[in-house]
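Colleague: what follows is a predicted protein model with its sequence.
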Amino acid sequence: MYLTDARTAICYLLLIGQIELLPQLYGQVLIPQRVQQELSDERSH
């Protein structure tokens, strides 16, 4: 299990279409709710 609040890294993985790398590398990935909200807000703009 891996807990991340590295919003920038997540953003770049989403941008290049490679977000699936996180669970492949770490198994279960937990992202804090605040980071999820920030990512959702950024994608809606």
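Modeller: Thanks, I have it. Since we're looking at a predicted model, the values are computed, not measured. Residues are numbered from 1 along each chain as shown.

Colleague: check which helix or strand the residue most central in space within the chain maps to.
Modeller: Centroid-nearest residue in the chain, with C-alpha atoms, centre = their mean: Ile10, separated by 3.6 Å. Ile10 belongs to helix 7-15 when assigned by DSSP states H and E.

Colleague: coming back round to it: tell me the phi and psi of the closest residue to the residue nearest to the centre of the chain other than its chain neighbours?
Modeller: Nearest residue to Ile10, sequence neighbours excluded (C-beta to C-beta, 6 or more residues apart in numbering): Leu39, at 6.5 Å. For every residue, glycine as well, the C-beta is placed using N, CA and C. Note on Leu39: its backbone torsions stand at phi -70, psi -40 [degrees, to the nearest 10].

Colleague: what's near enough to touch Leu39?
Modeller: Contact partners of Leu39, counting by C-beta atoms under 8 Å, 6 or more residues apart in numbering, are Arg7, Ile10, Cys11, Leu14.

Colleague: ok, Ala9 to Ile19 distance?
Modeller: Distance from Ala9 to Ile19, counting by C-beta to C-beta, to the nearest Å: 10 Å.

Colleague: quick one: which of the two has more around it?
Modeller: Higher neighbour count among Ala9 and Ile19: Ile19, with 14 against 11, using other C-beta atoms under 10 Å.
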